[in-house]
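1. coords please:
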Amino acid sequence: MYKIDGSFDCSENNLESLTGAPTKVGGSFWCNDNNLKNLTGAPKEVGGSFSCYSNKLKDLTGAPTEVSGNFSCHGQKNGHKFTEEEVRAVCDVGGTIYV
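-> Numbering: from 1, shown residues only. Sure, this is the predicted structure:
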C-alpha cells in the first residue's frame, strides 16, 4: 500500500491493468485512453478527480470507493455506456459524473 500527495497520470500507455497503482491519491488520477477492461488496482481514495474514459471498460469493478472531485467514464471506446446510477453504486463522488 502506498499513497501519493499529488496527482498521478498513467494515461495513453496501452495499459491493460492498474495493478501497482497507488492505493490513495491526494490529487487527481488519470488512466484514460488505455486498454483497461475493469478498474482493478485503481486507488481506493482520490482527493481530486478520477478519469477513466476511452478504455475498454465492461464494468466498474475496482473503481475507487471515494472521489472528491469529478468522475469521468465516458467515451465511445468503452465497452459499456455507464449511467450515473452505476457510478454512484460503487463510488461516493463529490463532483460531477461524466458518462
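2. who are the packing partners of the helix or strand bottoming out on mean pLDDT in the chain?
-> Least confident helix or strand, the chain: strand 3-4 with a mean of 94, by mean pLDDT, DSSP states H and E. Using 3 or more Cβ pairs under 8 Å, 6 or more residues apart in numbering; DSSP states H and E as the contact criterion, the elements in contact with strand 3-4 are strand 24-25. (Glycine included, C-beta is placed from N, CA and C.)
3. quick one: distance of the strand it packs on to the chain centre.
-> Taking the mean of its C-alpha atoms, strand 24-25 sits 12 Å from the chain's own mean (Cα atoms, centre = their mean, to the nearest Å).
4. and the average pLDDT for the helix or strand just after it is what?
-> Following strand 24-25 in sequence order, the next helix or strand is strand 29-30 (DSSP states H and E). Mean pLDDT, strand 29-30: 98.
5. okay, now the sheet partners of strand 29-30, with direction.
-> Each strand paired with strand 29-30, and its direction, by DSSP bridges: strand 8-9 (parallel), strand 50-51 (parallel).
6. now do the helices in the protein.
-> All helices of the chain, identified by DSSP state H, fall at 84-90.
7. low-confidence regions, it specifically.
-> Scanning the chain for pLDDT under 70 picks out the ranges 1, 76.
8. kindly recompute the last result at 90.
-> Filtered on pLDDT under 90, the chain yields the residue ranges 1-2, 75-81.
9. cheers, nothing more for now.
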